[in-house]
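1. fold the following, please.
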Amino acid sequence: MEPERKLLVALVAVLLGLGTLMVHSASGTSRPSQLDEIYLSKHLVYAATGVLAATVASLLPSRTWRRIAPPFFALTIVLLVLVLIPGVGSTVKGARRWFRVAGLSFQPSELAKLAIPLMVALLAQRGREVWHDWRRGVIPVVYPLLIAVPLIMKQPDLGTSLFVLLGGGLTLFLSGWPLRYFLMGGAVAVPGVIVVVLNKSYQLRRVHDFLATWNDWTQAPWHLKQSLVTLAAGGTWGTGIGRGQQKLSFLPEANTDFIFAVIGEELGLVGALAVLVIWIGLYACGLRLINRLTAGSFESIVAFTLLTQVLMQAAINVAVVTALVPPKGIPHPLLSYGGTNLVVSLLAIGIVLSLTRVAPASSTAAHPRTDLDLVPARDLALDRAAA
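-> Reported below is the predicted structural model:
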């Protein structure tokens, strides 16, 4: 096993282990009860499921994901439809996003973060020769987004919808999709998002609360106030694991959306920065593995998209916790209390390991790279457009 692969797995294990420890600490309340242990046991179930899924995925040949992409996408769409049916999907705080079975929950929109890059990359590989014709180069490539994103917005879940849309856009960009199609899509998507935000009072409230946090502290929302206070309480070295006070009924969603704030309080600035360094190291190792693949190939495109999505979600969570972006309920991958997101994040890492497995030297010799293989797909698309 390559050193980068070993280091990537080790860093994932460190984050997962730290997350388990911090979930147990953050789940504590001012009145300890059996509920504290229930959170830990459920988290361990999700973590074990995710590790098993990631291990199996990493052992699969990379070509398997080409065959899996269509049925996996179809399954995701079926689940996104079923979760919207009253009595089938569970409603929490006005949103119908979850299936609940035997005390455990499952969020099908998380699967779209895997299914969309796989399916879009596969379609893009098949349709490059017809991209000059917008009728055959647009709808046949982006229809997975046109189906999945509206279903997720119907739940409603604007944040996940935009995240999935961004993942699909990144996949298309890496595939060399013509820039004029991005402009066409943006001309439709941006006004659509603005209309959705304007028609939802709670979305406008989030933007207002975000601005209030920096303009008028007295008007800032409770959860952002407590998040910043929690980070400040840790100082440089932190109060020590398990000794944080803000999680005791002050900081909302301490073991999920705001677990990074608990890390900042109990491990201090040093601990919080260490988490960021681990994420940067994990991303760098993944990029080293991806750089060995043929530029513009299905494997390199999907691996880069999935790896970037995991890092991007971690960055967004940190930005929300530190009040750098408007508040949005988004867990910190590998660290937050377990659920579908934890399983999907680990599965994404497993798929990346599968797709970046280097072919034997004999195979490489039989099919040596040419100079054209080393040219990024983005550059090839620009050359075609110029021609």
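
2. count of residues packed around Ala53?
-> Burial measure for Ala53: 18 neighbouring residues, criterion other C-beta atoms under 10 Å. Where C-beta positions appear, they are placed from N, C-alpha and C, glycine not excepted.

3. now do it against Gly192, distance only.
-> According to C-beta to C-beta, to the nearest Å, Ala53 and Gly192 sit 34 Å apart.

4. then Lys113?
-> Using C-beta to C-beta, which is the criterion applied here, Lys113 is 20 Å from Gly192.

5. more neighbours: which of those two?
-> Regarding Lys113 and Gly192, a neighbour count based on other C-beta under 10 Å identifies Lys113 as having more, with 25 against 12.

6. and the more buried one, how far is that from Val193?
-> Distance from Lys113 to Val193, by C-beta to C-beta: 19 Å.

7. ok now stretch 282-290, how far from the chain's centre?
-> Taking C-alpha atoms, centre = their mean, to the nearest Å, one finds stretch 282-290 lying 16 Å from the centre of the chain it belongs to.

8. distance of Leu353 relative to Gly235?
-> 38 Å.

9. so for these two, which sits in the more crowded spot?
-> Set Leu353 next to Gly235 and count neighbours by other C-beta under 10 Å: Leu353 wins out with 24 against 13.

10. now do the same contact list for the more buried one.
-> Listed by C-beta atoms under 8 Å, 6 or more residues apart in numbering, the contact partners of Leu353 are 5, 8-9, 54, 57-58, 289.

11. okay, strands next: where are they in this structure?
-> Per DSSP state E, the chain carries strands over the ranges 90-92, 95-101, 104-106.

12. what is the second one packed up against?
-> Applying 3 or more C-beta pairs under 8 Å, 6 or more residues apart in numbering; DSSP states H and E, one finds that strand 95-101 makes contact with strand 90-92, strand 104-106.

13. pick the most deeply packed of these.
-> Across the helices and strands packed on strand 95-101, averaging neighbours per residue (mean count of other C-beta atoms under 10 Å) puts strand 104-106 on top, at a mean of 16.

14. what about Leu273, neighbour count?
-> Residue neighbour count, defined by other C-beta under 10 Å, stands at 12 for Leu273.

15. tell me how far it lies from Ile259.
-> Looking at Leu273 against Ile259, where the rule is C-beta to C-beta, the gap reads 16 Å.

16. just Leu269 next, same as before
-> 16 Å.

17. do the same with Leu267
-> Distance of Leu267 to Ile259, given as C-beta to C-beta: 11 Å.

18. equivalent analysis for Leu346, please.
-> Distance, Leu346 to Ile259, using C-beta to C-beta: 17 Å.

19. got it, and Thr239?
-> Thr239 sits 15 Å away from Ile259, going by C-beta to C-beta.

20. more neighbours, these two?
-> Between Thr239 and Ile259, counted using other C-beta under 10 Å, the more crowded position is Ile259 (27 against 16).

21. identify the residue nearest that one in space, chain neighbours excluded?
-> If you skip the residues right next to it in sequence, Ile259 has Ser336 as its closest partner in space, 5.0 Å away by C-beta to C-beta, 6 or more residues apart in numbering.

22. pretty sure that neighbour contacts Gly19?
-> Yes: with contact defined as C-beta atoms under 8 Å, Ser336 and Gly19 form a contacting pair (6.9 Å).

23. overlap of the contact sets of these two?
-> Ile259.

24. and the gap between Ile68 and Ser297?
-> In this structure, Ile68 lies at 17 Å from Ser297, with C-beta to C-beta as the measure.

25. I meant Ala47, not that one.
-> Ala47 is 32 Å from Ser297, by C-beta to C-beta.

26. neighbour count: those two, which is higher?
-> A count of neighbours by other C-beta under 10 Å puts Ala47 above the other of Ala47 and Ser297, at 20 against 17.

27. can you tell me which residues contact that one?
-> Ala47 makes contacts with 16, 19-20, 338, 342, 346, as judged by C-beta under 8 Å, 6+ apart.

28. could you redo the last one with a cut-off of 7 Å?
-> When contacts are counted by C-beta atoms under 7 Å, 6 or more residues apart in numbering, Ala47 touches 16, 20, 338, 342.

29. just Gly238 next, same as before
-> In this structure, Gly238 makes contact with 265-268, 271, judged by C-beta under 7 Å, 6+ apart.

30. among these, which lie within helices?
-> Judged by DSSP state H, helices contain the following of the contacts of Gly238: 265-266, 268, 271.

31. top of these by number of neighbours, please.
-> Compared across those, Glu265 has the highest neighbour count, 28 neighbours, by other C-beta under 10 Å.

32. from Tyr337, how far off is that residue?
-> 17 Å.

33. swap in Ile116?
-> Counting by C-beta to C-beta, the separation of Ile116 from Tyr337 is 25 Å.

34. same question for Arg100.
-> 16 Å.

35. neighbour count winner among those two?
-> Using other C-beta under 10 Å as the criterion, Arg100 and Tyr337 rank with Tyr337 on top: 26 against 11.

36. ok, for that one, nearest residue in space, not its chain neighbours?
-> Closest residue in space to Tyr337, ignoring its immediate chain neighbours: Asn255 at 4.3 Å, by C-beta to C-beta, 6+ apart.

37. least trustworthy helix or strand in this protein by mean pLDDT?
-> Taking mean pLDDT, DSSP states H and E as the measure, the helix or strand of the chain with the lowest value is helix 361-366, at a mean of 35.

38. so where's the stretch 51-200 of the chain uncertain?
-> Using pLDDT under 70 as the threshold, the predicted model of the stretch 51-200 of the chain has low-confidence ranges 127, 130, 197-198, 200.

39. now do the stretch 201-350 of the chain
-> Across the stretch 201-350 of the chain, the stretches falling below the confidence threshold (pLDDT under 70) are 201-203.

40. mind listing what Phe304 touches?
-> Counting by C-beta under 7 Å, 6+ apart, Phe304 touches 174, 290.
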